[in-house]
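>>> Take a look and give me a structure for this.
(2 chains)
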Amino acid sequence: MIWNKEIECMGRQEMRALQSERLIKLVNHVYNNVAFYRKRMDETGVKPSDIQSIDDIVKLPFTYKTDLRDNYPFGLFAVPMKDIVRVHASSGTTGKPTTVGYTKNDIENWREVVARCLTMAGIGADDIMQISYGYGLFTGGLGVHYGAETTGCSVVPISGGNTRRQLQLMSDFGSTVLACTPSYALHLADALAENGYSLADMKLKVGVFGAEPWTENMRLELEKKWGIHAHDIYGLSEVMGPGVANDCTFHTGLHIHEDHFYPEIVHPDTKEPLADGEEGELVFTTLTKEGIPLLRYNTRDLSTLSRETCECGRTSVRMKKITGRSDDMLIIRGVNLFPSQIEHVLLELGETSAHYLLYVDRENNLDTLELKVELDETKLTDTIRDLQNLSRKISHALNSAIGLSVKVTLVEPRTITRSEGKAVRVVDNRKK
Amino acid sequence: MCKFAFLKEIVNLKHNTMTIRQLSVFLENKTGHLNQILSVLAKNNINIIALTVADSSDYGILRAIVSDPEKALQVLRTEQFTVRVHDIFSLEMDAALGSMSKILDLFTAADICIEYVYAFSFGSKSILMIRTDKCDEAVNVIEQNKLKSISEADLK
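Sure thing, here's the model as predicted:
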């Protein structure tokens, strides 16, 4: 099934004409309504009139995550707040979160692209969909929710966590679709037996997993463990949220909804555009977004593009499954985390040295974080309790700043290896 | 920071007739780590008079009373150990049944919460180390009940 055949199977020339028309409108819109873009375009020496077709997109300046942070909270919004109907924000209540806003039309477009994704995964009105992405400021839950309702399936908005209840409702309600992060899906599968369930109790057919990078092997493992078809839904809040792209039943890359999100691949160092098939940083221009339209937003996700027609009949450009990033951002249980956020918290507290090492691991398929941080000698007392209070204090501060629980272990001063060049701050054992 | 910053800690004794200086050393849970500290002390001819380790799953604190706390502090810091000095109440106990219990009863009666205690012998003396946050109240208990304090001079 194809949700929007006209768009998803559109001829390439026709699609380029649509993209060109939308890009010209977009560039004029941001130039006239977002001070940041007007300034940046003026600095780059590019005028809205220089943009005549989608090919001219390479003349436009890039946008980075830091630009969203620097303009926190609403500096990049292109419409007055009265036209914004919803706001989402990335993790980080202190430090530097990123905020995005949606107009009524943005929400409608978001519904549409998610509906296309879910249809691509074979989901329809007969399905019961358990949405175990977090609801709230995170785009995962609500983003998938609206699209799921649009397809007509019955939505169970259970949100994340509470494994026992997830399995109970999955069994009692007969959920046929599970939407969550791949690591949580694996965790749920492994928790079946210990909670007294077997696959025979479940009616699950399809999984729509995303919000963190995962490999093809992981996808196959989830298919085997659950006896389902597992699909990768890609997205990021800056660009829209989940629903930017999704893989069809042929699993040969993710179909990008390029009438809304125009993709490019650029070289990680030179930022020069790369040809189809070459790997580089994935860049999106939000062709239709009104609330917070972005020109050439560099996701830092590494991928390649392919414009060959897929066996499913869709003509839309496909991106290779994301396997890595060009910066040091970590994705922990779907939450974006930069090591610099940890540093920020430690320095703000001032209770320890800023020498730390973050260990990322996966226990029972859930990401865990352990922070080793050097004790400051002046904070040493003669009781263990004081040290434990210090660990707890750091742990609390991190939790409220990044929204993740972190085990804090104090280590002796000067024991964390100093680096001559770029400091090694993270040991990610998940990749092994 | 001043190279001799530790001297400030040393001279800042509040009740030096009732307390003994204790070294507190932060110890990560690593094989052979405790012995590294002991060998540094031995190499520098510092005698260990009493020693106890408080431990948690990841680290511990070594508490030690030594023959020369100033020198011990200096050599341990030179060897990059994390160490500080604290004044701990030190009382002599009678060599009689229940003498420790009697002393602790006095503290309990004064509503003084005790963080930790340990005891050791020096020559013919039995010595009780008491750590509490209520220092002024502890001084009162010791004075009012005429408990016999031990000073560092008694350990020479």
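>>> ok, what's across the strand from whichever residue of chain B sits closest to chain A?
Residue nearest to chain A within chain B: residue B:24 (4.0 Å; CB to the nearest CB). (C-beta placed from N, C-alpha, C; glycine too.) Per DSSP bridges, residues listed as beta-bridge partners of residue B:24: residue B:63, residue B:84.
>>> which residues of chain A fall in helices?
With helices called from DSSP state H, chain A shows them at A:5-8, A:12-33, A:35-44, A:65-70, A:104-120, A:139-151, A:163-173, A:182-191, A:216-226, A:339-349, A:384-402.
>>> list the helices and strands the third one packs on?
In this structure, helix A:35-44 packs against helix A:12-33, with contacts taken as 3 or more CB pairs under 8 Å, 6 or more residues apart in numbering or on different chains; DSSP states H and E.
>>> Report the buried residues of the helix it packs on.
Buried positions in helix A:12-33, judged by neighbour count with 16 or more other CB atoms under 10 Å in any protein chain shown: A:15, A:18-20, A:22-24, A:26-27, A:29-31.
>>> ok, so of those, who is nearest chain B?
Distances from chain B to the buried residues of helix A:12-33, taken by CB to the nearest CB, are shortest for residue A:30, at 51.5 Å.
>>> pLDDT value on residue A:71, please?
If you check residue A:71, the pLDDT there is 94.
>>> What values do phi and psi take at it?
Backbone torsions for residue A:71, taken as degrees, to the nearest 10, come to phi -110, psi 20.
>>> List the contacts of the nearest residue to it once chain neighbours are set aside.
Leaving aside its chain neighbours, residue A:71 sits nearest to residue A:36 (5.8 Å; criterion: CB to CB, 6 or more residues apart in numbering or on different chains). By CB atoms under 8 Å, 6 or more residues apart in numbering or on different chains, the contact set of residue A:36 is A:67, A:71, A:75-76.
>>> returning to that earlier point: dump the helices of chain A to a markdown table, plus distance to residue A:259.
Output for the helices of chain A, formatted as a markdown table (distance: least, CB to CB, whole Å):
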| stretch | distance to residue A:259 |
| --- | --- |
| helix A:5-8 | 5 |
| helix A:12-33 | 6 |
| helix A:35-44 | 22 |
| helix A:65-70 | 24 |
| helix A:104-120 | 9 |
| helix A:139-151 | 16 |
| helix A:163-173 | 35 |
| helix A:182-191 | 27 |
| helix A:216-226 | 26 |
| helix A:339-349 | 35 |
| helix A:384-402 | 35 |
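>>> Which one of those lies nearest to residue A:411?
In terms of CB to CB, the element of those nearest to residue A:411 is helix A:384-402, at 11.1 Å.
>>> what about the closest one, near chain B?
Yes: judged by CB under 8 Å from any CB of the partner chain, helix A:384-402 comes into contact with chain B through A:384-385, A:387-388.
>>> Tell me the most packed of those residues, by neighbour count.
residue A:387 (21 neighbours; other CB atoms under 10 Å in any protein chain shown).
>>> Now it. Nearest residue, chain neighbours left out?
residue A:410 (5.9 Å).
>>> so the one you found touches residue A:386, yeah?
No: look at residue A:410 against residue A:386 with CB atoms under 8 Å: they stay out of range, at 10.7 Å.
>>> Please identify which of those two sits among more neighbours.
residue A:410 (25 against 14).
>>> which residues pair with the residue nearest to residue B:150 when sequence neighbours are not counted across the strands?
With CB to CB, 6+ apart as the criterion, residue B:150 has its nearest non-adjacent residue at 4.2 Å, and that residue is residue B:90. Beta-bridge pairing for residue B:90 (DSSP bridges): residue B:129.
>>> quick one: buried residues of stretch B:107-118?
Neighbour-count burial for stretch B:107-118 [16+ other CB under 10 Å]: B:107, B:112, B:115-118.
>>> in chain B, which residue is closest to the centre?
Taking CA atoms, centre = their mean, the centroid of chain B lies closest to residue B:22, which sits 3.2 Å from it.
>>> confidence score at that one?
96.
>>> Can you name the element that comes right after the helix or strand it falls within?
Element membership for residue B:22 (DSSP states H and E) is strand B:19-28. Moving toward the C-terminus from strand B:19-28, the next helix or strand (DSSP H and E) is helix B:33-43.
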